[in-house]
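[1] Sequence and computational prediction follow.
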Number of protein chains: 2
Amino acid sequence: MGQTHTRQAHQTDIHFSSDEINGLYKTIFNRRDVRGQFRPDPVPDEVLSRVLYAAHHAPSVGFMQPWDFMIIGDQAVRQQVRGLFDQAHTEAAEMFPEQKQDTYRSLKLEGILESPMNICITCDRSRTGSTVIGRTHMKVMDLYSSVCAVQNLWLAARAEGLGVGWVSIFDQRELQEVLGIPRHIVPIAYLCIGYVDHFYARPELESAGWLPREKLENLIHFDQWESRRSADDESVIRQIQQDADFPYSTD
Amino acid sequence: MGQTHTRQAHQTDIHFSSDEINGLYKTIFNRRDVRGQFRPDPVPDEVLSRVLYAAHHAPSVGFMQPWDFMIIGDQAVRQQVRGLFDQAHTEAAEMFPEQKQDTYRSLKLEGILESPMNICITCDRSRTGSTVIGRTHMKVMDLYSSVCAVQNLWLAARAEGLGVGWVSIFDQRELQEVLGIPRHIVPIAYLCIGYVDHFYARPELESAGWLPREKLENLIHFDQWESRRSADDESVIRQIQQDADFPYSTD
């Protein structure tokens, strides 16, 4: 099929080599939520374009593509956003049990000013009209589509050597006002993005002892939430137990 | 660093080759929402384990890992789920403008029974207690984490040659009942998964003329939603225009 794009063309030429498959898994397992370690170097236009195309090719309900991408470099805007974070972060600390508040306050949770660029990904709920294929019964599906775009961008960024941190500690309405986002558009993710000195081997909240990595085998159910396992089911669980170290391979 | 996992170990050995980076982009641009073309061959345990680990290594708010994975092979359960789809799909058709209803009804929107396996990914909103880092102000963040797990699984599946289709046309409460999912757990995505005869080169709703692919350059904003572009901004837009065909490369 190659270059021809007939209306129902198949992906006949697509084969994934083991290096290519490995590239995907390596990206997934080594992606981190980056809050520090940002270097000030600008992100080249060609790299930015690639990660934005990756986001734009996320799945979307009814092919709605409800996302927009706000690229925020301006220091004055970012100072305002940082102010919103500071305010919400202070409020947040008070919500934790007293014995956890000091730990919470000691965690670095954003890189708004240190990263060379912020990107806000949004969801335009009215983009393709009020009735959307696949959103008739699950009204949140368009929001979920924009989240898929976030994850695509995050993975592409990691493979390109860029760190990404998702900052969610804001009053959403104030964020919307600071960025001039109209009322019917929902900000989904506010991301800090840039090259980094290094990526951590494990998530920071895991290293800090805040929470452990769950065992995957404990999160699996068969056919019903509460169910007894068949012999086939047990074989899946054994495979999962056997693969427990796989995600941590560094290469 | 290699095998050692000290608490703050860095990813010092991680380098992405051009084949590996290409593997990620190829996966992203060739992933499809698959509704037909499923083959009945079972998914081997080792492949299933890998795609589930990919999902389990999604980002999660406060390292909450709120997801569970329900693997649904049983035909009787899937018949019930299919019944819920049929009912909701009939309701959905009525919601479209009259001139679009026939087209809507002609679209194949699920592969619940033809695919060898369904997977339901959920969100346990109370998994790590009521106060979660990063969820203090944006209450939906845990739902979004589970969506990131969906997207990781979807990409891993594509690289493994597995098609995935997300079915969202259900009454959520009835789905929950059929699968025995407790009230405080939210079903996020009901996925049909299996090997396929072929993947389409483009999204089916695009090929069917339901909606066109948006131009990425029209979805970009700088610093403010409504803003004038600087010379630097124009250079980003020119790069995006230049890359417009990049996502469609088949290899």
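    Alright, I've got the coordinates.
[2] Which residue ranges of the stretch 151-251 of chain A form strands?
    A:162-167, A:185-195, A:220-222 (DSSP state E, counting those that start in this stretch).
[3] With distance to chain B added, can I get the ones you listed in a markdown table?
    Bear in mind the C-beta positions are built from the backbone N, C-alpha and C, glycine included. Shown next, in a markdown table, are those (distance: least, C-beta to the nearest C-beta, whole Å):
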| stretch | distance to chain B |
| --- | --- |
| strand A:162-167 | 7 |
| strand A:185-195 | 7 |
| strand A:220-222 | 4 |
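[4] Mind listing what's buried along stretch A:139-158?
    A:140-158 (16 or more other C-beta atoms under 10 Å in any protein chain shown).
[5] scratch that, stretch A:112-119
    A:112, A:114-119.
[6] cool, stretch A:221-237 as well?
    Using 16+ other C-beta under 10 Å as the test for burial, stretch A:221-237 gives A:221-223, A:225, A:233, A:236-237.
[7] Can you add pLDDT and give these back as TSV?
    Listed next are the buried residues of stretch A:221-237 as TSV, based on pLDDT from 0 to 100:
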residue	pLDDT
A:His221	98
A:Phe222	98
A:Asp223	97
A:Trp225	98
A:Asp233	96
A:Val236	97
A:Ile237	97
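[8] and the buried residues of stretch A:112-119, which of them are in strands?
    A:117-119 (DSSP state E).
[9] and chain B, which of the residues you listed contact it?
    Checked against chain B using C-beta under 8 Å from any C-beta of the partner chain, those give no members in range.
[10] Closest one to B:Gln80 out of the residues you listed, please.
    A:Ile119 (42.1 Å; C-beta to C-beta).
[11] Settle this for me: the closest one is touching A:Ile71, isn't it.
    Yes. When contacts are counted by C-beta atoms under 8 Å, A:Ile119 is listed as touching A:Ile71 (5.8 Å).
[12] what are the ranges of the helices in chain A?
    Ranges of helices within chain A are A:18-30, A:45-56, A:75-95, A:98-106, A:141-159, A:172-178, A:204-207, A:231-242, based on DSSP state H.
[13] Single out the most deeply packed of those.
    helix A:141-159 (a mean of 26; mean count of other C-beta atoms under 10 Å in any protein chain shown).
[14] got the angle for that helix vs helix A:18-30?
    Orientation check (axes from the mean of the first three to the mean of the last three C-alpha atoms, to 10 degrees): helix A:141-159 against helix A:18-30 gives 110 degrees.
[15] Which strands or helices does helix A:141-159 pack on?
    Contacts defined by 3 or more C-beta pairs under 8 Å, 6 or more residues apart in numbering or on different chains; DSSP states H and E place helix A:141-159 against helix A:18-30, helix A:45-56, strand A:117-124, strand A:162-167, strand A:185-195, helix B:18-30, helix B:141-159.
[16] model confidence over it, on average?
    Helix A:141-159 carries an average pLDDT of 98.
[17] what separates that helix from the chain centre, distance-wise?
    5 Å (C-alpha atoms, centre = their mean, to the nearest Å).
[18] Number of residues surrounding A:Pro203?
    Neighbour count for A:Pro203, taken as other C-beta atoms under 10 Å in any protein chain shown: 19.
[19] coming back round to it: nearest to A:Arg39, out of the helices and strands packed on helix A:141-159?
    strand A:185-195 (4.7 Å).
[20] for chain A, which residue is closest to the average position?
    Taking C-alpha atoms, centre = their mean, the centroid of chain A lies closest to A:Gln151, which sits 3.7 Å from it.
[21] Can you read off the pLDDT for A:Arg228?
    A:Arg228 is given a pLDDT of 87.
[22] if I look at it, how far off is chain B?
    A:Arg228 is 12 Å from chain B, where distance means C-beta to the nearest C-beta, to the nearest Å.
[23] Could you save the ones in strands among the buried residues of stretch A:112-119 as CSV and add columns showing pLDDT?
    Shown next, in CSV, are those (pLDDT from 0 to 100):
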residue, pLDDT
A:Met117, 98
A:Asn118, 98
A:Ile119, 98
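[24] residue ranges with poor pLDDT in the stretch 51-200 of chain A?
    Filtered on pLDDT under 70, the stretch 51-200 of chain A yields no residues whatsoever.
[25] domain assignment for chain A?
    What automatic domain parsing lists as the domains of chain A is A:26-210, A:214-244.
[26] Out of those, which gets nearest to B:Gln87?
    domain A:26-210 (9.9 Å).
[27] Much appreciated, bye for now.
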